[in-house]
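>>> could you look at this predicted model? Sequence included:
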There are 2 protein chains.
Amino acid sequence: MIFMETILCGVDLGGTKLSAGLFNLQGQLIDKSTVFDHVNKNEDMIVEQIVLLVKFLLKKHGYFEDELKGIGIGFPGHIRYPEGIAITTSNLPGFKNYGFREHVQEHFMAPVIVDNDVNAQAFGENKFGGGVGHENMIFLTLSTGIGAGIILNKKLYRGKTGTAGECGHSIVDINSDVQCTCGNYGCWMALAGGISLPNLFKKKVEEGFKSTLELDIGFNYSQVDGKFIKKGIDLDDPVSTSIVNSCADINGIGIYNLFQIFNPSMVMLGGGLMNWGPIFHNRIKEKFYALVKDMLRDPIEIVQSTLGADAGLYGAAALALE
Amino acid sequence: MIFMETILCGVDLGGTKLSAGLFNLQGQLIDKSTVFDHVNKNEDMIVEQIVLLVKFLLKKHGYFEDELKGIGIGFPGHIRYPEGIAITTSNLPGFKNYGFREHVQEHFMAPVIVDNDVNAQAFGENKFGGGVGHENMIFLTLSTGIGAGIILNKKLYRGKTGTAGECGHSIVDINSDVQCTCGNYGCWMALAGGISLPNLFKKKVEEGFKSTLELDIGFNYSQVDGKFIKKGIDLDDPVSTSIVNSCADINGIGIYNLFQIFNPSMVMLGGGLMNWGPIFHNRIKEKFYALVKDMLRDPIEIVQSTLGADAGLYGAAALALE
């Protein structure tokens, strides 16, 4: 009996949840299964969980392994590609130079592909989402950190090691005294990513902005994150609004820099900070167009990601089609 | 009688000279011919000169047009690719939205390819020069302006319009009061390209640095260019040395940014400012390695361009092999 490859599997490994999904070859989600108890497990135990999740889904829907075209896994950190070695991650314990792909592959005949989650989302959007048809697009995640998945000629561009797209560590303020998690000063993400928010809030208050938010007793600036600022803008807090504007301006500059370098037809924005809504998204675009002036010779779309909460899962499945 | 395609032609159109060269398919220069009287001619007359130069070289060496594999032309400005429309240039009069490729093509059966000179040099170095074997490399020209030719998967990456690689206009100092030719502030090239030198010299003098150069009566800061600074460092002028250091540091930062974005295996440096020599080149590398720290997981070569004075000609010929 000959089986046809008719099914894809995507695995989204995150810092809070671990999901696996079955997709048909057109990228439609058939079913998914999620667990939350992986976070304190070691790498080998997480591999075991992934294997069980995938096999469970296949069995549940009556698929045999021969029918599986591939398993794509999105990982929240650096991957040495194509080996699929997890170099490092700040979202899970362990995974330092761990042969992730190899350990999952041992359990399956179908090819296993491991890449970082932003690359997976970028490819998912280009294959199944709002980026379909774009030869060259940049998928940018504006989250705690900032990073890009780079699609050139409809393929993921990964560079020598597999770590291309770390534009959040590009330096946009050479005289900055704001230090990034990488140790350098003035990185894009240190000034406009989620990690910048405590420092920005403190600075604005010191500059004399009055927050109208009721701050808890024992309030500490380290509590300021994307959700905190979202609450602030919903309540018209001037400090929060001013921070959203600052971050939007710097993200507009960063996107402008990527435009000059890549001349893409689309920049797609995802990540938690996009929940700040239109005041953020619109101001990013305003800043971009103010800088680009007559240097824009073909239209560029600056849009929000489309695949929503399951973007990571779609992206991981898309990797299996690469 | 059937002719074999055995010969390439490269044309380097610059602001001071116009050269055409014949190359064999291995990229060896057979002969070249150069004119200097094109600068004040209009576009159609320059096309005529190019056609004459190419036909002259073919005839001189007994080649028939059937033997010509292609004609590559390097242009000192923006090109809409693949149409080969010259969008704009600051080195020659005219050439605003001029159908350059089309007008040359009318005179030949062999395909004519027009691209900007930095792309041509990048491809020439990857095909025939120091970049041979590198999948992903950035060729950076440090000259009056700063720009990159981007080689990914051994091919030129050009973006949607054809203007990718304009990294000199990426903003590295968001709070800068230094305006670039593009109108924006804090662009990499405005702070570290040849156009930055008059302003840097003035600033250093105002900061109290004493130049030991004998300045002509009627000296004007606008006279400060790369050659002027080269003379300065040869004579141990502290202002000139300090400027070379500033420019090197900012170029080191710019290259670091490109590393984070592209993760290439080589960055090759060309352009007039490289004549400043090892004190410039070495300090660029020092700054890069100080920033990259443990984020460099595979070696990267930061090297000087190898094709020398005829790089533009080699690069143009290489375009015909793309």
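Happy to help now that I have it. Residues are numbered from 1 along each chain as shown, chains lettered A, B, ... in the order given.
>>> hey, let's count contacts and neighbours off CA atoms from now on
Will do.
>>> so what's the residue count around the closest residue to A:Gly315 other than its chain neighbours?
Spatial nearest neighbour of A:Gly315, excluding adjacent residues (Cα to Cα, 6 or more residues apart in numbering or on different chains): A:Gly124 at 3.8 Å. Neighbourhood size, A:Gly124 [other Cα atoms under 10 Å in any protein chain shown]: 28.
>>> what about A:Gly124, which SS state?
Secondary structure assignment for A:Gly124 (DSSP: H, G, I helix; E, B strand; the rest coil): helix.
>>> now do the contacts for it.
A:Ala311, A:Gly312, A:Tyr314, A:Gly315, A:Ala316, A:Ala317, A:Ala318, A:Leu319 (Cα atoms under 8 Å, 6 or more residues apart in numbering or on different chains).
>>> one more: A:Asn282?
A:Asn282 touches nothing, counting by Cα under 8 Å, 6+ apart.
>>> same question, A:Thr306
A:Glu125, A:Gly129, A:Gly130.
>>> what about it, distance to chain B?
22 Å (Cα to the nearest Cα, to the nearest Å).
>>> burial count for the spatially closest residue to A:Phe288 that is not a sequence neighbour?
Excluding its sequence neighbours, the residue lying closest to A:Phe288 (Cα to Cα, 6+ apart) is A:Gly252, at 4.8 Å. A total of 23 residues lie near A:Gly252 under the criterion other Cα under 10 Å.
>>> so how far is chain B from A:Gly252?
Using Cα to the nearest Cα, A:Gly252 is found at 11 Å from chain B.
>>> how about A:Gly15?
22 Å.
>>> before we move on, what SS does that residue have?
coil.
>>> re the thing from before, which of the contacts of A:Gly124 lies closest to chain B?
Distance to chain B across the contacts of A:Gly124 (Cα to the nearest Cα) is lowest for A:Leu319, with 19.1 Å.
>>> who are the contact partners of that closest one?
Contacts of A:Leu319 (Cα under 8 Å, 6+ apart): A:Ile71, A:Gly72, A:Ile73, A:Ile113, A:Ala120, A:Phe123, A:Gly124.
>>> of the residues you listed, which belong to strands?
A:Ile71, A:Gly72, A:Ile73, A:Ile113 (DSSP state E).
>>> closest to chain B out of the residues you listed?
The closest of the ones in strands among the contacts of A:Leu319, once distances to chain B are taken by Cα to the nearest Cα, is A:Ile113, at 20.0 Å.
>>> now for the nearest residue to the closest one once chain neighbours are set aside, how many residues are close by?
Counting by Cα to Cα, 6+ apart, the nearest residue to A:Ile113 once its immediate chain neighbours are dropped is A:Gly72, at 4.8 Å. Neighbourhood size, A:Gly72 [other Cα under 10 Å]: 29.
>>> list the beta-bridge partners for A:Gly72.
A:Gly10, A:Ile113 (DSSP bridges).
>>> separation between it and B:Arg101?
In this view, A:Gly72 and B:Arg101 are 44 Å apart by Cα to Cα, to the nearest Å.
>>> same thing with A:Ile233?
For A:Ile233, the distance to B:Arg101 - Cα to Cα - is 53 Å.
>>> still on that earlier bit, now, the contacts of A:Gly124 that are in strands?
Going by DSSP E, the strands hold none of the contacts of A:Gly124.
>>> now render those residues as TSV, adding pLDDT.
As requested, those are arranged in TSV below (pLDDT from 0 to 100):
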residue	pLDDT
A:Ala311	87
A:Gly312	89
A:Tyr314	95
A:Gly315	94
A:Ala316	96
A:Ala317	97
A:Ala318	95
A:Leu319	96
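>>> which ones among those map onto helices?
Counting by DSSP state H, those place A:Ala311, A:Gly312, A:Tyr314, A:Gly315, A:Ala316, A:Ala317, A:Ala318, A:Leu319 in helices.
>>> how far away is the second one from A:Lys202?
Meaning A:Gly312. In terms of Cα to Cα, A:Gly312 sits 33 Å off from A:Lys202.
>>> am I right that A:Ile195 sits in a helix?
Yes: when three-state DSSP is applied, A:Ile195 is found to be in a helix.
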